[in-house]
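# Turn this into a model:
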Amino acid sequence: LKEWESILTAEVKKCGEALQRHQCRPVCHKYGNEGKCRFLFPHETVESSYFEPETNSVVLMCRDGYVNYHNRYILVFCRHNHDLKCILSGKSAKAAMFYISDYITKMGVKTYEMLSLL
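So this is what the prediction gives:
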């Protein structure tokens, strides 16, 4: 078990650097976000995860502001980049629903634009 944990840790480091580290590119500065990353990098560093009752949100631990929030097992076994967020309800959940719908359908018209026509 110790050997497996050691191998997993090495793979997390290797995959994390290759797949999860953010580097700003021109797409980061679209839509009037000149001079700042529209994906909000770098993230604020946080020593340990906690619940924020004032905003009713979970703040995830972040040791490196340029690395996406990720799950080590998903990272190693699926070997793709991903970004984890705790979305409980409300505006964040609605925004995520629109983003996912737009992303998987890749329509010319955005979901929120389509819904406004109804």
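# Could you use CA atoms for every contact and neighbour count after this?
Will do.
# tell me the pLDDT at the residue nearest to the spatial centre of the chain?
Nearest to the mean C-alpha position of the chain, counting by Cα atoms, centre = their mean, stands Asp83 at 2.6 Å. What the model reports for Asp83 is a pLDDT of 84.
# quick check, distance from stretch 28-36 to the centre of its chain.
18 Å (Cα atoms, centre = their mean, to the nearest Å).
# All the helices of this protein, in order from the start?
Using DSSP state H, the helices of the chain run over residues 2-15, 72-78, 90-105, 111-117.
# packing partners for the third one?
Yep, that's helix 90-105 we're talking about. In terms of contacts (3 or more Cα pairs under 8 Å, 6 or more residues apart in numbering; DSSP states H and E), helix 90-105 is packed against helix 111-117.
# any idea of the mean pLDDT in the helix it packs on?
Helix 111-117 comes out at a mean pLDDT of 66.
# Tyr31 is nearest to which of the helices of the chain?
When the helices of the chain are compared by Cα to Cα, helix 90-105 sits nearest Tyr31, at 15.6 Å.
# quick one: buried residues of that closest one?
Asp102 (16 or more other Cα atoms under 10 Å).
# swap in stretch 56-71?
Residues Leu60, Cys62, Gly65, Tyr66, Val67, Asn68, Tyr69 are the ones in stretch 56-71 that count as buried (16+ other Cα under 10 Å).
# Max pairwise distance over those residues: which two?
Leu60 and Tyr66 (14.0 Å).
# coming back round to it: from the buried residues of stretch 56-71, pick the one nearest Glu47.
Of all these, Glu47 sits closest to Cys62, with 6.6 Å by Cα to Cα.
# The closest one and Tyr50 touch, don't they?
No. With contact defined as Cα atoms under 8 Å, Cys62 does not reach Tyr50; the gap is 11.3 Å.
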